[in-house]
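Peer 1: Okay, sequence plus prediction incoming.
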Amino acid sequence: MFKKRILLIVVSSLLALYNFAQDVNLDSLLDAEMDKKIKSETQLTEATFKTGRLINSHTVETAQKGVLDFKLSHRFSTADDGFYDMLGLDNAISIRVGGDYGLTNRLTIGGGRSSYEKEYDAFLKYRLLWQSSGKTNMPVSLTLVSSAMLRTLKPVNDSIKISTGDKFSYAFQALLARKFNSNFSMQLMPTMVINNPSILKDNSAPSKLLSIGIGARLKLSKRTGIIAEYYYQLPDYKLPGSYNPLSIGYEIETGGHVFQFNISNSTGITERTAVTETKNPFNLDNLHLGFNISRVFSIKKPKDYSRLSNNNVHAAPVYDTAQVAVAKEKEPIQYTQATFTTTRLINGHTVETTQKGVLDLKVTHRFGKLNTGFYNVFGLDQASMRIGADYGITNRLTIGGGRSAGGLVNPSLKEYDGFIKYKIIQQSSGEKTVPFTLTALSSVMYNSLRETKDIGVKDPVNGGYYTDSSQTVKINNSDRFHFAYELLLARKFGDALSVQLMPTMVHYNIVPNSSVPNDLFTIGAGIRVRLTPRSNLNLEYYYQLPGYKLPGTYNSFAVGYELETGGHVFQFQLTNSYGTTERTFLHETSGSWGNGDIHFGFNIARVFTIVKPKNVE
């Protein structure tokens, strides 16, 4: 009996060992099969860089087939005038609007328009080699770029005639890059720029300019990184008096967008202006702040788009109707949410307040008038800007402020603003029904224009403003202040429509003459119409009460298209108002829609959670 037990134990142990061996063999076989499969396929390296541009330069990246990569770049003035010009942010000296389109995953075409020297550019870009592993082991990516640039700036002397052909410059680049790991990528950029004679200001300067560039990206987090680029110009192949350009930037990727904030000693953005015509060395007195925005749009959807779109992380959540019904029973008071998408309709505030602990960063641009014609790209060569932020003290109480500058169109505008905003009543249904939302707003604005600074005087012939050195302005400090008080009354009619009324008073400490009252009144109306789950049509109009308005001003009217995506809200608009604060857009609108005095502009809003709610783990 004992021997039988021993035999049974031995047999059981052998069977267990055999089964374990089988499991080990199966795991080993699966691992080996997976390695074999990986080695039999080519694994292309993705995202060597985040976009097709590093800062000013191209990268090896090409746009995906059927995808349009819209690009907006700004370079501001130098910071040598300190905070009076907000470190140069008051003057946008170079604005480029452009786009890249993927004909295939390897072949990209693109172009753009820069306000600096009124330059158009176009390029063709082909990814010849693609870094990969597996079946095909390629250690680097190689992309070839060919560009053409057309300088359309008119000569100072009208008697100088330049043929169109002589206004062109050309650039050729071979971009060689390697992604060393998920955190670090580097790129070499040998470049040749060819100028025609009219571009060269010095007859002794070479027409063929050679430089060697280097660029890198260091990943900081899943969505952020540090980027840098530098070009060394070969001594015998550079323009006299030019310097090597160096640019450093911080990059954020979010929701289909890539934001880049950068500093550079280069004024231009194209290969000709950025690589070969940088006029100052890299030091504190010559640095230009700037930013790039990249936004991709799928123009031609891939065949398996429906499958991909079902996994879209930005898609609106789907709720079970039964769960919604139970929730309503547990929470009888239903507060209306998102009467408007952001705290700004276009120029004016909405009833919305920022959530507690959330910072809402705002960037607002207004360009010159559309009726200035094609030479100024319908006003895009000139811009005013406001940078500001709202912060939620509570879900109902918001404070905020910003800085506005008139740029070249209105150099007499340098204004700070601050406000406090409280949601008194919130629209709701259920046990407690309130048919509307009511928010009260109080603002203060401060004109910081220097007392002895020449002011912008309106040009009666060409429009816009010019500097009249015979005029200066002496302003008492208290007279620099203006105050605004608003009541915002809004109602949301389902998901499709929201309407708002905005009675407003603006107080001026100083007015042009005794016939104008210090307190000016307007009644505004705003509408938001839902077009799709993520896009809206916005309208706002402000009527100035007769007897309570400045002479020669017009009522402000604005139309905007709003797009919400990934924590951002983009808004493109047309308006006859150039200002962005209650004082400037309500009571100092000097142009009318009927005369074609229309400004194109855009707003960007981006929220950041500063203090997380207690229930967030």
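Peer 2: Good, I have the coordinates.
Peer 1: how about low-confidence regions in the stretch 451-600 of the chain?
Peer 2: 451-474 (pLDDT under 70).
Peer 1: could you pull out the strands for it?
Peer 2: 456-458, 465-467, 481-493, 497-508, 519-532, 535-544, 556-565, 568-575, 599-609 (DSSP state E, counting those that start in this stretch).
Peer 1: ok, how many other residues are close to residue 192?
Peer 2: 17 (other CB atoms under 10 Å). Every residue, glycine included, has its C-beta placed from N, CA and C.
Peer 1: quick one: contacts for it?
Peer 2: Counting by CB atoms under 8 Å, 6 or more residues apart in numbering, residue 192 touches 171-173, 208-210.
Peer 1: quick one, which of the strands of the stretch 451-600 of the chain is nearest to residue 183?
Peer 2: When those are compared by CB to CB, strand 599-609 sits nearest residue 183, at 23.7 Å.
Peer 1: how about residue 151, what does it touch?
Peer 2: So residue 151 contacts 117-119, 167-169, 199, 272 (CB under 8 Å, 6+ apart).
Peer 1: what do you get if the cut-off is 6 Å, keeping everything else the same?
Peer 2: Counting by CB atoms under 6 Å, 6 or more residues apart in numbering, residue 151 touches 117, 119, 167.
Peer 1: how about the contacts of residue 192 in CSV, adding secondary structure, neighbour count and distance to residue 63?
Peer 2: Listed next are those as CSV, based on DSSP: H, G, I helix; E, B strand; the rest coil; neighbours: other CB atoms under 10 Å; distance: CB to CB, whole Å:
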residue, secondary structure, neighbour count, distance to residue 63
171, strand, 23, 19
172, strand, 14, 20
173, strand, 23, 17
208, strand, 10, 29
209, strand, 25, 28
210, strand, 17, 28
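Peer 1: Quick check: the two most widely separated of those residues?
Peer 2: Every pair of the contacts of residue 192 checked by CB to CB; the farthest is 173 and 208, at 13.9 Å.
Peer 1: Any idea how many residues pack against residue 358?
Peer 2: Neighbours around residue 358, by other CB under 10 Å: 19.
Peer 1: how near is it to residue 492?
Peer 2: As judged by CB to CB, to the nearest Å, residue 358 and residue 492 stand 21 Å apart.
Peer 1: How about residue 415?
Peer 2: Using CB to CB, residue 415 is found at 32 Å from residue 492.
Peer 1: Residue 488 - how many residues pack around it?
Peer 2: Residues near residue 488, counting by other CB under 10 Å: 27.
Peer 1: Please report how far it lies from residue 584.
Peer 2: Note on residue 488: its distance to residue 584, by CB to CB, is 19 Å.
Peer 1: Also residue 605?
Peer 2: Residue 605 is 20 Å from residue 584, by CB to CB.
Peer 1: out of the two, which sits in the busier spot?
Peer 2: Neighbour count, other CB under 10 Å: between residue 605 and residue 584, residue 584 has more, with 27 against 22.
Peer 1: where's the more buried one relative to residue 577, distance?
Peer 2: Relative to residue 577, and taking CB to CB, residue 584 is found at 7 Å.
Peer 1: tell me the domain boundaries of the protein?
Peer 2: Taking automatic domain parsing as the criterion, the chain consists of the domains 57-297, 330-609.
Peer 1: hey, least reliable of those domains by pLDDT?
Peer 2: If you rank the domains of the chain by mean pLDDT, domain 330-609 sits at the bottom with a mean of 86.
Peer 1: quick revisit: in a markdown table, list the strands of the stretch 451-600 of the chain along with distance to residue 550.
Peer 2: As requested, the strands of the stretch 451-600 of the chain are arranged in a markdown table below (distance: least, CB to CB, whole Å):
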| stretch | distance to residue 550 |
| --- | --- |
| strand 456-458 | 14 |
| strand 465-467 | 17 |
| strand 481-493 | 12 |
| strand 497-508 | 8 |
| strand 519-532 | 7 |
| strand 535-544 | 8 |
| strand 556-565 | 12 |
| strand 568-575 | 18 |
| strand 599-609 | 19 |
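Peer 1: So what's the residue count around residue 297?
Peer 2: Residue 297 has 12 nearby residues by other CB under 10 Å.
Peer 1: May I see the buried residues of the helix or strand containing it?
Peer 2: For residue 297, the enclosing helix or strand under DSSP states H and E is strand 288-298. Using 16 or more other CB atoms under 10 Å as the burial criterion, the residues of strand 288-298 that qualify are 288-296.
Peer 1: same check, this time on stretch 483-499
Peer 2: 483-484, 486, 488, 490-492, 498-499.
Peer 1: May I have it as PDB, with CA atoms only?
Peer 2: Only the C-alpha atoms of stretch 483-499 are listed here, as PDB (Å, rounded to 0.1, in the frame of the first residue of the first chain):
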ATOM      1  CA  PHE A 483     -14.800 102.100 -15.700                       C
ATOM      2  CA  ALA A 484     -17.500  99.800 -17.100                       C
ATOM      3  CA  TYR A 485     -20.500  98.200 -15.400                       C
ATOM      4  CA  GLU A 486     -22.600  95.500 -17.100                       C
ATOM      5  CA  LEU A 487     -25.600  93.300 -16.400                       C
ATOM      6  CA  LEU A 488     -25.600  90.100 -18.500                       C
ATOM      7  CA  LEU A 489     -29.000  88.400 -18.900                       C
ATOM      8  CA  ALA A 490     -29.100  85.200 -20.800                       C
ATOM      9  CA  ARG A 491     -31.300  82.200 -21.600                       C
ATOM     10  CA  LYS A 492     -30.500  78.900 -23.200                       C
ATOM     11  CA  PHE A 493     -33.200  77.500 -25.500                       C
ATOM     12  CA  GLY A 494     -32.300  73.800 -25.700                       C
ATOM     13  CA  ASP A 495     -28.900  72.900 -27.100                       C
ATOM     14  CA  ALA A 496     -29.300  74.900 -30.400                       C
ATOM     15  CA  LEU A 497     -29.800  78.500 -29.300                       C
ATOM     16  CA  SER A 498     -28.700  80.900 -26.600                       C
ATOM     17  CA  VAL A 499     -29.600  84.600 -26.300                       C
END
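Peer 1: And the contacts of it?
Peer 2: Contacts of stretch 483-499 (CB under 6 Å, 6+ apart): 336, 339-340, 351, 436-444, 500-507, 527-530, 582.
Peer 1: now swap in stretch 517-525 and tell me
Peer 2: Outside stretch 517-525, the residues touching it (CB under 6 Å, 6+ apart) are 501-508, 511, 541-545, 548-549, 586-587.
Peer 1: hmm, try it at 8 Å
Peer 2: Stretch 517-525 is touched from outside by 348, 499-509, 511, 540-545, 547-550, 586-587, with contacts defined as CB under 8 Å, 6+ apart.
Peer 1: And for stretch 527-540?
Peer 2: Residues from elsewhere that reach stretch 527-540, judged by CB under 8 Å, 6+ apart: 316, 339-341, 345-348, 495-500, 502, 524-526, 556-565, 571, 573.
Peer 1: And the strands in the stretch 1-150 of the chain?
Peer 2: Assigned by DSSP E, counting those that start in this stretch, the strands in the stretch 1-150 of the chain fall at 42-44, 67-78, 92-102, 107-114, 119-129, 132-134, 141-151.
Peer 1: Tell me which other helices or strands the second one touches.
Peer 2: It stands for strand 67-78. If contacts are counted by 3 or more CB pairs under 8 Å, 6 or more residues apart in numbering; DSSP states H and E, strand 67-78 sits against strand 92-102, strand 288-298.
Peer 1: want to try TSV for these, with distance to residue 393 as columns?
Peer 2: As requested, the helices and strands packed on strand 67-78 are exported to TSV (distance: least, CB to CB, whole Å):
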stretch	distance to residue 393
strand 92-102	33
strand 288-298	29
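Peer 1: and of those strands, who's closest to residue 404?
Peer 2: strand 92-102 (13.1 Å).
Peer 1: from memory residue 507 sits against residue 445, does it?
Peer 2: No - using CB atoms under 8 Å, residue 507 is not in contact with residue 445; the gap is 10.1 Å.
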